[in-house]
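Asker: no sequence on hand, only this structure:
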């Protein structure tokens, strides 16, 4: 029997790649999005597919959610909806409270009502906060530095509590920085935008030494599905990432090179953090996901270069 | 100079004992409570004190909070407001979302606006969920089983993020079961109530083998202040507890004995959990708080017996 999946935030950057994967694997896909951050463009190629249905619905609208669960049988919910612009969320707590946390609560309320048995949740490395050691799933205490990270940890907490309220199984996947086609913001996007408008200078937030693992979105999706297909507890959490890192300075140089620019003057706003709530350096302990036989195919810097090329090609198209 | 403290939830069970302690230690105390769970009775003895002021305000009312912070200089906020009835919270997620989580968010918003530099937060063992090992502060993953535990972990997460938004220092104290004078619910309270109405039988939720550490409220307050006066980081978390435990069956027997009853037929609803979200057994690793030179004076069963006697005396008065 065909598995029926609801992808919440399915027209967003990561959500739309997940829809692609699920369609390729013969699932019935219900894509739900309010199109605030997601776009029809991201899923246009899927709209005519027999197994794909788009629902223009806000995940905080419990009545609308209720109508979807009443009308369609759903086996599995993938909750990918969130404020994906962490930096913007730092300016106003209401953004992450509403888009990153309340979406989770409303979704869980309606899932419980309809006894939907499975949720896969897009969590984040931002829940851990700064650490000098590689972050394993058992790293604690959890001291998130951004409202985004706080809202993701708060969501994990309530998903866990719902697992005791009815027979819900939960897979919580902590993403690192995710990049690739359809990316809408972040450092790569910013640098390209800045250099298009001023090709001779590039202002870099912080000291340029921020160093993070960047995972290619298709690798991430493959990791999520490996975890989902193999984890055997009713409530599981995992780090998915790539065991290499790229600095902000290296990203700047790659963008400059791929754009064919020369004599670009790089200046730095200074300080270890790019912005309030930024975690300037982290790395995951990936023992658990590697033990499931999965590894990212692209290294961090390969993912960065691929994304720069895709973005430049897309903006020239 | 006299230190000025705001105790949010200061007319509640634990909050009112904290007010007592702060007044005894020459602080200016602003007690804030909406009196939904707290009572004037708990603080009546303080109302005429020169250094005590009561504010009948809901912690979710940002305008009212703003007026207090505008009118009074506050050095330190003790956030004790929460839904204290975990079992009741399991029936309706809105209770803990509003009373345990949103109180934290609104308070932090207004504290940030007024640059209040310190918060001491009443967190809970419920954030950890079930574990076979003693829970240390670095125990993870955090899988809370109740909405109360989820709301406490969510609160910790946002307090942590606010520490990066402005120079806020936070002490987060994870309480075990707390008992003593002015207790308003929980197993001791339930057993006394049940036996007063039916002195020949006692229905016990679960199998009676639930086994937890019960701390005496005055010991807890002393532990909180030891932690506050000694922790030197800007964001710290600690377990405060007692290294002994009491079973539900032992509590039942003590209540029966202290009430002078005989031939009480105990029956059990069965199952390891007393109710949905209950963590039937846990113990803390107390290495960190003990290293600060603090230990609870009353053992768990001494605290239980003392509380039964205080409650019986109070209800006869």
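Answerer: Received, thanks. In this text, all values refer to a predicted model and were calculated from it rather than measured experimentally.

Asker: make it CA atoms for all contacts and neighbour counts henceforth
Answerer: Fine.

Asker: tell me which parts of the stretch 101-250 of chain A are close to chain B?
Answerer: Neighbours of chain B within the stretch 101-250 of chain A, by C-alpha under 8 Å from any C-alpha of the partner chain: A:127, A:137-147, A:149-151, A:153-155, A:157-158, A:160-165, A:237.

Asker: of these, which belong to helices?
Answerer: Mapping those onto helices (DSSP state H) picks out A:147, A:149, A:150, A:151, A:153, A:154, A:155, A:157, A:158, A:160, A:161, A:162.

Asker: and those residues as a markdown table, adding pLDDT?
Answerer: Converted to a markdown table, those look like this (pLDDT from 0 to 100):
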| residue | pLDDT |
| --- | --- |
| A:147 | 95 |
| A:149 | 95 |
| A:150 | 96 |
| A:151 | 97 |
| A:153 | 96 |
| A:154 | 97 |
| A:155 | 98 |
| A:157 | 97 |
| A:158 | 97 |
| A:160 | 96 |
| A:161 | 96 |
| A:162 | 96 |
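
Asker: how about JSON lines for those, with neighbour count added?
Answerer: Formatted as JSON lines, those follow (neighbours: other C-alpha atoms under 10 Å in any protein chain shown):
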{"residue": "A:147", "neighbour count": "34"}
{"residue": "A:149", "neighbour count": "28"}
{"residue": "A:150", "neighbour count": "33"}
{"residue": "A:151", "neighbour count": "33"}
{"residue": "A:153", "neighbour count": "31"}
{"residue": "A:154", "neighbour count": "29"}
{"residue": "A:155", "neighbour count": "27"}
{"residue": "A:157", "neighbour count": "27"}
{"residue": "A:158", "neighbour count": "27"}
{"residue": "A:160", "neighbour count": "28"}
{"residue": "A:161", "neighbour count": "26"}
{"residue": "A:162", "neighbour count": "27"}
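
Asker: quick check, nearest of those residues to residue B:109?
Answerer: residue A:147 (12.1 Å; C-alpha to C-alpha).

Asker: for that closest one, which non-adjacent residue is spatially closest?
Answerer: Of all residues not flanking residue A:147 in the chain, residue B:161 sits nearest, at 5.8 Å (C-alpha to C-alpha, 6 or more residues apart in numbering or on different chains).

Asker: cool, residue A:86 as well?
Answerer: residue A:148 (5.7 Å).

Asker: count the residues that sit near that neighbour.
Answerer: 34 (other C-alpha atoms under 10 Å in any protein chain shown).

Asker: and it, what does it touch?
Answerer: A:83, A:86, A:89, A:90, A:96, A:100, A:126 (C-alpha atoms under 8 Å, 6 or more residues apart in numbering or on different chains).

Asker: did I read that right, the fifth one in a strand?
Answerer: Yep, that's residue A:96 we're talking about. No: Residue A:96 is assigned helix when assessed by DSSP: H, G, I helix; E, B strand; the rest coil, not a strand.

Asker: that one contacts residue A:82, doesn't it?
Answerer: Yes: using C-alpha atoms under 8 Å, residue A:96 is in contact with residue A:82, at 7.4 Å.

Asker: now do the phi/psi pair for residue A:123.
Answerer: phi -100, psi -170 (degrees, to the nearest 10).

Asker: list the buried ones in stretch A:73-93?
Answerer: Using 16 or more other C-alpha atoms under 10 Å in any protein chain shown as the burial criterion, the residues of stretch A:73-93 that qualify are A:74-84, A:86-90, A:93.

Asker: with that, I have no additional questions.
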